[in-house]
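sequence and predicted structure are below.
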Amino acid sequence: MKIGIIGTGSIGGTLARKIREAGHEVSVANSKGVEGVQSFADEIGAHAVDIYGAVSNIDLIIVSIPFSAIADLPSDLFDHVSPDIPVVDTNNYYPDMRDPHIAEIDQGQVESLWVSEQLKRPVIKAFNNMLAYSLSHNGLPESSSNRLALAVAGDDALSKKKVMDLVNDIGFDPVDAGSLQDSWRQQPSTPDYCCDWNAQEMKEALSDAVKGEAPKKRDKLPEYFASLGEHPSHSEVIALNRAVNAPK
């Protein structure tokens, strides 16, 4: 597939690299323009483009930019993008820690429904509930024992299948997490969030989510992570996430 990625931060950049390694054609863009993304594109064998280039003549689009920057994307960005092209939202909302408060989400709106409203088109929620380190290092071939899983939520069955196939291509088991309305189950601090579960564990974690509970845990994250010291290991972070997000 031809895949356009807007955003080359920890998740967007990791996905660009993994997707390119999986054999797909990748175009990357960020807020610094073509020149700002050229060296990264050259490094991974991708095309450096502006944000309009990342959505032109593309089979699948991934938006992986700071959450609050979604509303600042050009209003005409998707005007000429066919409705059957999946647009993937990888973003997570972290008010006070990284993002300004967004009233609608604070009042209970599902994060990706808000994103869909800003982009004025349906989105698929994916690649948001795994740490960049796990995405980069912990993928395994299909049918491997205890392969890690990623949740994928959305309303269009064909678009969701394309994204799930891509998840499989980069080394993870895709788990259908339901509709976009259901994607609150994979938002920060839910039981399936950044815990490195396999597919069965992921399904159970999605089922265990209780609406309204995650923000209380999310807002205490600085306190939780302070307990790990200045440079926690990846395994320590995963252990903390499991203890806090999915206590048994």
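Done, it's in.

pLDDT wise, what is residue 172 at?
The score at residue 172 is 98. That number is its pLDDT.

so it sits against residue 137, correct?
No. In this structure residue 172 lies outside contact range of residue 137 using C-beta atoms under 8 Å: 11.9 Å. Heads up, the C-betas are built off the backbone N, CA and C, glycines and all.

immediately after the helix or strand bottoming out on mean pLDDT in the chain, which helix or strand?
Taking mean pLDDT, DSSP states H and E as the measure, the chain has helix 221-226 as its least confident helix or strand, at a mean of 90. Using DSSP states H and E, the helix or strand that follows helix 221-226 towards the C-terminus is helix 234-245.

what are the buried residues along that following helix?
237-238, 240-242, 244-245 (16 or more other C-beta atoms under 10 Å).

and for stretch 48-56?
48-51, 53-55.

need those in CSV (columns: secondary structure).
Shown next, in CSV, are these (DSSP: H, G, I helix; E, B strand; the rest coil):
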residue, secondary structure
48, strand
49, coil
50, coil
51, coil
53, helix
54, helix
55, helix
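
closest to residue 14 among these?
For those, the minimum distance to residue 14 (C-beta to C-beta) is 16.5 Å, reached by residue 54.

where does the closest residue in space to that closest one that isn't next to it in sequence sit: helix, strand or coil?
Nearest non-adjacent residue to residue 54, counting by C-beta to C-beta, 6 or more residues apart in numbering: residue 4, 3.6 Å away. Assigned by three-state DSSP, the conformation of residue 4 is strand.

quick one: residue 4 and residue 24 touch, right?
No. Contact criterion C-beta under 8 Å: residue 4 and residue 24 do not qualify, at 10.7 Å.

of the two, give the one with the bigger neighbour count.
Each of residue 4 and residue 24 has its neighbours counted (other C-beta atoms under 10 Å); residue 4 has more, 29 against 18.

quick check: bridge partners of that one?
Legend: beta-bridge partners of residue 4 under DSSP bridges are residue 27, residue 61.

list the contacts of it.
26-29, 49, 53-56, 58, 60-62 (C-beta atoms under 8 Å, 6 or more residues apart in numbering).

burial count for residue 99?
16.

need the contact list for it.
Residues near residue 99 by C-beta under 8 Å, 6+ apart: 66-68, 93.

could you measure from it over to residue 229?
25 Å (C-beta to C-beta, to the nearest Å).

same question, residue 222
Taking C-beta to C-beta, one finds residue 222 at 13 Å from residue 229.

give me the nearest residue to residue 211, chain neighbours excluded.
Distance criterion C-beta to C-beta, 6+ apart; nearest residue to residue 211, sequence neighbours excluded, is residue 184 at 6.3 Å.

same check, this time on residue 162
Nearest residue to residue 162, sequence neighbours excluded (C-beta to C-beta, 6+ apart): residue 86, at 5.3 Å.

was I right to think that neighbour contacts residue 61?
Yes. Contact criterion C-beta under 8 Å: residue 86 and residue 61 qualify, at 7.0 Å.

CA-only coordinates of stretch 112-122 in PDB, if you can.
Taking Å, rounded to 0.1, in the frame of the first residue of the first chain, the C-alpha atoms of stretch 112-122 are listed here in PDB:
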ATOM      1  CA  SER A 112     -11.500   9.900  18.500                       C
ATOM      2  CA  LEU A 113     -15.100  11.200  18.000                       C
ATOM      3  CA  TRP A 114     -13.700  14.700  18.700                       C
ATOM      4  CA  VAL A 115     -10.900  14.000  16.300                       C
ATOM      5  CA  SER A 116     -13.300  12.900  13.600                       C
ATOM      6  CA  GLU A 117     -15.300  16.100  14.100                       C
ATOM      7  CA  GLN A 118     -12.200  18.200  13.700                       C
ATOM      8  CA  LEU A 119     -11.100  16.400  10.500                       C
ATOM      9  CA  LYS A 120     -14.700  16.300   9.200                       C
ATOM     10  CA  ARG A 121     -14.500  12.600   8.200                       C
ATOM     11  CA  PRO A 122     -14.600   9.200   9.900                       C
END
